[in-house]
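In: Here is a sequence together with a model predicted from it:
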There are 2 protein chains.
Amino acid sequence: MSKSDLEIAFESKMKKMSYITKDLDLFEDDVENYGHYKAKLSLSVLERLKNNDDGKLILVTSINPTPAGEGKSTVTVGLAQAFHKIGKKAIVALREPSLGPTMGVKGGATGGGYSQVLPMDDINLHFNGDIHAITTANNALAAFIDNHIQQGNELDIDVRRITWKRVVDLNDRALRNIIIGLGGPTEGVPREDGFDITVASEIMAVLCLASDIQDLKARLKRIVVAYTNEKRPVTVGDLNVQGALTLLLKDAIKPNLVQTIEHTPAIIHGGPFANIAHGCNSVIATKMASKLGDYVITEAGFGADLGAEKFLNIKTRALGVTPDAVVIVATIRALKMHGGVHKTELATENVSAIKDGICNLEKHVETIQKFNVPVVVAVNKFITDSEEEISFIQQWGRENNIDVVLTEVWEHGGLGGVSLAETIVSLLKKPKEPFHYLYDLNDSIETKITKIVKEVYGADGINLSTKAKKQIQEFNENGWGNLPICMAKTQYSLSDQPQALGRPSGFKVEVRELKASIGAGFIVALTGNVLTMPGLPKKPAALNMDIDENGRALGLF
Amino acid sequence: MSKSDLEIAFESKMKKMSYITKDLDLFEDDVENYGHYKAKLSLSVLERLKNNDDGKLILVTSINPTPAGEGKSTVTVGLAQAFHKIGKKAIVALREPSLGPTMGVKGGATGGGYSQVLPMDDINLHFNGDIHAITTANNALAAFIDNHIQQGNELDIDVRRITWKRVVDLNDRALRNIIIGLGGPTEGVPREDGFDITVASEIMAVLCLASDIQDLKARLKRIVVAYTNEKRPVTVGDLNVQGALTLLLKDAIKPNLVQTIEHTPAIIHGGPFANIAHGCNSVIATKMASKLGDYVITEAGFGADLGAEKFLNIKTRALGVTPDAVVIVATIRALKMHGGVHKTELATENVSAIKDGICNLEKHVETIQKFNVPVVVAVNKFITDSEEEISFIQQWGRENNIDVVLTEVWEHGGLGGVSLAETIVSLLKKPKEPFHYLYDLNDSIETKITKIVKEVYGADGINLSTKAKKQIQEFNENGWGNLPICMAKTQYSLSDQPQALGRPSGFKVEVRELKASIGAGFIVALTGNVLTMPGLPKKPAALNMDIDENGRALGLF
């Protein structure tokens, strides 16, 4: 039986942070250690290095995820290690894992095998406390809102129109729909409420899009938390708690530094959902990585239709730079699923299923090309992949003039990604072409959504619900018409129907409702049922978790 | 105008942790830095130093707190600094502040003036994440319970008899009484629920009483979370999540090291409520401090009737040692309030009010003497105290053969506490007398409660509600009869009536309800209304909080 990721992690010997930072342009005081193998980086680094050239930015995304697994994080980490192997100064910039899924189903989200970040147990648990700080700021704001109402409600908040929800960084379905404030006059004002998972908090998105701590405060101030009885928006600024919320986030805004299993520097910071939010690590972390490294390898959540689209249409506008290349991760197994094969049959050779499923990959390649960014397909190799199957996909790449590179980073670490790194290096020698946004901020909300669903999902258009139509009108009146759009859609399909694998066509996307994330600076368009609070399965991953006699983690994988 | 505590804190120059640990018996790897000026200490220190002599243990407590403020934490920190001034190796061992009161009314809880612990902003905010880890473990357990019910309820949990509540480390009255699980069959099972503040979580008490990580796991396993439809207790062990909860607490169980403003080592760890729980810092921290220092200065919550009584009757049984001396902190101002003076009149000389109020101090001195521990009264001097007033209390000490020592530690730091330290040193030269517990564990629950209220509160006895009587019977049947008692009572009075200041007599204590904290290992006896979730005031302290242009804290005081 092969070793678990946690076993591989514990067998490897981490280096002290001073070793990891030795080739980086950092002073001793820039690095605040958090335990022996974790650190936070001072924001002053950005100011000091602002005139440094930016490193090359490589965004890793994937086809639509399937239960077969694509290994996007593993490839991202492995690619950074591969750059090191070929003598390049690379930094990997990842999102922070959320504890809810870790305790529920995943058991960990830090890459895998010989391409993972360490210490994997700490990163998967509380890490340096960023997500807890966000939970606290989110819930402090909720408490301030309810206290404002209890103490006389000067702002005339309509208790039926409070949009700010509480959060926990756990999977807890029983908190989705609740009633609070029961028990009589001294116990608050009764109202409907609910909890989201922390990574769905607008504060997570705000932290990830802020350029510095003052911008963080300005964005927090703009967050809309409710509407008055006259339907006017109520903001954090109206409650005058932006200072307290910023104070609660003063350390969370600093990027975290750790190492990969091959001691490549890894900056892990921020982790917003890729449906209700934009699904990328923080702007500050990406900026800092690109000032410290010559190659920055970063990833975005879910497939290219969600995380990458938002990286390119939303995050780049805050970041000020656009990627130099995009890697789309696919697996033979997942392509078979997109071609209609059941999860239990993936080990059987089936070239014709790949032929049927490769349209999913093809669409994502086309999408990235529309942004005018060079694209490489990384096929994350599994032991069950046959030579025939691999030949097919390589042939497909040659026929379509697409770079297709095999990677074996889970098993071989950086060495398993050297061809991919070399392919990217040669791609980057060409001059950078002008980036093309898929929509203009001045397009109407309806036009922006329509462009995304047509260009990225391959849909024929959108159907707006009556509610969404009314909201567009209200949002325009509030002056929010020129914000980018954050699509909340199932990750499993290019369409809004999770079961429609491959490359669906002839469909329209139903836009059920909009949500104004004014602090983050985008309008969320909700399609279908997007879950912002997951539930636990019958046997949560937590049942296998424990400590050994030395207090070390067991049951993370 | 005098400087705020935060201003004084920022004007002082902290030393790096390597300076703070230089005289302590620690290896480099024992100290995990968390930022430049905070650290966690490895649990292996306890094992390595187990044969070291224990340092002298000095417990600081106070009279019943009044709105005038007694400055107990300030005296505790100042006393440790004073020991350093007279050449003794002292360590101060404190509780961690809870963020709820900090954001609500207090703005900070780390001592004051020139007797405070640093970095005061970080300690008052997220510190090293212990309280967030406890919040997470507490709420993960709640999610596991509701998921168990949703997934078929094999344990036959009665949803009306779930005693485990969720927590946030905030003051949020709207969460006191809620209904969860609404929204239909896929959204959980509807039931009544409520949130406590995190420091009221039994997990906080468990963490503070555990002797090591294996004992932590064993205690977590014993926690009773609900009762079945046949009224049998359901434990964490029945749900089989003790491993996952322990894993979530693997770093939180390590004591935190910081420094006082005069660079005396300060171990700050754990902070359970002093009503619903035992109100003392952790056993592990106190043990470690006593292996590393010759004098350990620690404090317990609220007055001697609550925190100190529980330190002496509960914590010492887990700790294995008893204090060598107890300091009772009083102020002239607070004694005047106990003598009937209104808060607005405290600046006016009033010896006769002190004469009327000193009975409160007198009772606490008598209580400590019943445990057969040497006692010193520390009068924390204020600028408004008159010579007449001071003379009176000194005279009272001489007449009653009680050491009464003035301290000025807020203004003068350690120097302001040298007389107090010297008094204690000479007191400790006498041989230690045998400690006397106020009750025997084999006494019945009713007898134990009765002994506490008679001996410590000066009551005539107890009245048990019908509910409490029934619970005593059930608890005995469950085999919980021989646990110590944790009294939940108002901190403002020796009695269960908050407005009864001074030294009330001729009263009985109403025991409304019991609560079984089987993981912590005590039975809570609830008298009156004990609030386990505070509310925010009309103008929360948070409204004044902010960051300056350098991202530093403002508005903590």
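Out: Here it is on my side, so go on.
In: helices or strands up against the helix or strand where residue A:426 lies?
Out: Using DSSP states H and E, residue A:426 maps to helix A:418-427. Judged by 3 or more CB pairs under 8 Å, 6 or more residues apart in numbering or on different chains; DSSP states H and E, the packing partners of helix A:418-427 are helix A:72-85, strand A:325-330, strand A:375-380, strand A:403-407. The way it works is simple: take the backbone N, C-alpha and C, and place the C-beta from them, glycine included.
In: closest to chain B out of those?
Out: helix A:72-85 (21.5 Å; CB to the nearest CB).
In: Give me the next element, helix or strand, following the closest one.
Out: Sequence order places strand A:90-94 as the next helix or strand after helix A:72-85, per DSSP H and E.
In: Who are the packing partners of that next one?
Out: By 3+ CB pairs under 8 Å, 6+ apart, strand A:90-94 packs against helix A:72-85, strand A:265-268, helix A:283-292, strand A:295-299.
In: Give me the buried positions along the third one.
Out: Spelled out, it's helix A:283-292. In terms of neighbour count (16 or more other CB atoms under 10 Å in any protein chain shown), helix A:283-292 has its buried residues at A:283-292.
In: what would these look like in JSON lines with pLDDT?
Out: Converted to JSON lines, the buried residues of helix A:283-292 look like this (pLDDT from 0 to 100):
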{"residue": "A:283", "pLDDT": "98"}
{"residue": "A:284", "pLDDT": "98"}
{"residue": "A:285", "pLDDT": "98"}
{"residue": "A:286", "pLDDT": "98"}
{"residue": "A:287", "pLDDT": "98"}
{"residue": "A:288", "pLDDT": "98"}
{"residue": "A:289", "pLDDT": "98"}
{"residue": "A:290", "pLDDT": "98"}
{"residue": "A:291", "pLDDT": "98"}
{"residue": "A:292", "pLDDT": "98"}
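In: Out of these, which comes closest to chain B?
Out: Distances from chain B to the buried residues of helix A:283-292, taken as CB to the nearest CB, are shortest for residue A:284 (12.3 Å).
In: Pretty sure that closest one sits against residue A:209.
Out: No - using CB atoms under 8 Å, residue A:284 is not in contact with residue A:209, being 9.4 Å away.
In: Show me the common contact partners of these two, please.
Out: Here residue A:284 and residue A:209 share no contacting residue, scored by CB atoms under 8 Å, 6 or more residues apart in numbering or on different chains.
In: Pick the most buried one from the helices and strands packed on helix A:418-427.
Out: Neighbour counts (mean count of other CB atoms under 10 Å in any protein chain shown) averaged over each of the helices and strands packed on helix A:418-427 peak at helix A:72-85, with a mean of 29.
In: what angle sits between it and strand A:90-94?
Out: Put simply, helix A:72-85 runs at 170 degrees to strand A:90-94, going by axes from the mean of the first three to the mean of the last three CA atoms, to 10 degrees.
In: Distance from helix A:72-85 to the middle of the chain?
Out: Distance, stretch centre to chain centre, for helix A:72-85: 17 Å (CA atoms, centre = their mean, to the nearest Å).
In: Repeat that for stretch A:244-263.
Out: 16 Å.
In: Is it positioned near chain B?
Out: Yes - residues of stretch A:244-263 contacting chain B under CB under 8 Å from any CB of the partner chain: A:244, A:246-248, A:250-251.
In: Could you find which two of the residues you listed are furthest from each other?
Out: The most widely separated members of the residues of stretch A:244-263 next to chain B, counting by CB to CB, are A:244 and A:251 (14.7 Å).
In: More neighbours: the two, which one.
Out: residue A:244 (27 against 19; other CB atoms under 10 Å in any protein chain shown).
In: Which helix or strand contains the more buried one?
Out: Going by DSSP H and E, residue A:244 is in helix A:242-248.
In: Just list what that helix packs against, helices and strands only.
Out: helix A:130-150, helix A:213-222, strand B:546-547, strand B:553-554.
In: Of all these, which one is nearest residue B:324?
Out: Per CB to CB, nearest to residue B:324 of the helices and strands packed on helix A:242-248: strand B:553-554, 37.0 Å.
In: circling back: between the residues of stretch A:244-263 next to chain B, which is closest to chain B?
Out: Using CB to the nearest CB, the residues of stretch A:244-263 next to chain B come closest to chain B at residue A:244, 3.7 Å.
In: what pLDDT does that closest one get?
Out: pLDDT, residue A:244: 97.
In: what about it, distance to residue A:254?
Out: Distance of residue A:244 to residue A:254, given as CB to CB, to the nearest Å: 19 Å.
In: do residue A:362 as well
Out: Residue A:362 is 41 Å from residue A:254, by CB to CB.
In: Show me where the stretch 451-557 of chain A has its strands.
Out: A:461-464, A:485-488, A:508-517, A:522-527, A:546-547, A:553-554 (DSSP state E, counting those that start in this stretch).
In: Tell me which of these sits most buried.
Out: strand A:485-488 (a mean of 28).
In: Next, the contact list for the residue of the stretch 401-550 of chain A at minimum distance from chain B, please.
Out: For the stretch 401-550 of chain A, the residue closest to chain B is residue A:546, as judged by CB to the nearest CB, at 3.1 Å. Each residue near residue A:546 by CB under 8 Å, 6+ apart is listed here: A:554-555, B:243-244, B:246-247.
In: where in the stretch 251-400 of chain A is pLDDT low?
Out: Residue ranges of the stretch 251-400 of chain A with pLDDT under 70: none are present.
In: Tell me where it has helices.
Out: Using DSSP state H, counting those that start in this stretch, the helices of the stretch 251-400 of chain A run over residues A:283-292, A:309-310, A:316-319, A:332-338, A:351-370, A:387-400.
In: Buried deepest among those, which one?
Out: helix A:309-310 (a mean of 28).
In: And it, what does it pack against?
Out: strand A:485-488.
In: Now for the residue nearest to residue A:279 when sequence neighbours are not counted: which residues touch it?
Out: Leaving aside its sequence neighbours, residue A:279 sits nearest to residue A:301 (CB to CB, 6 or more residues apart in numbering or on different chains; 3.2 Å). Residues near residue A:301 by CB under 8 Å, 6+ apart: A:95, A:272-274, A:279-280, A:307, A:491.
In: Roughly how far does the closest residue to residue A:311 other than its chain neighbours sit from chain B?
Out: Leaving aside its sequence neighbours, residue A:311 sits nearest to residue A:300 (CB to CB, 6+ apart; 4.4 Å). Residue A:300 sits 26 Å away from chain B, going by CB to the nearest CB, to the nearest Å.
In: quick one: contacts for residue A:300?
Out: Neighbour list for residue A:300: A:59-61, A:274, A:279-280, A:306-308, A:310-311, A:315 [criterion: CB under 8 Å, 6+ apart].
In: Reformat the helices and strands packed on helix A:418-427 as a markdown table; add distance to chain B.
Out: Shown next, in a markdown table, are these (distance: least, CB to the nearest CB, whole Å):
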| stretch | distance to chain B |
| --- | --- |
| helix A:72-85 | 21 |
| strand A:325-330 | 30 |
| strand A:375-380 | 29 |
| strand A:403-407 | 32 |
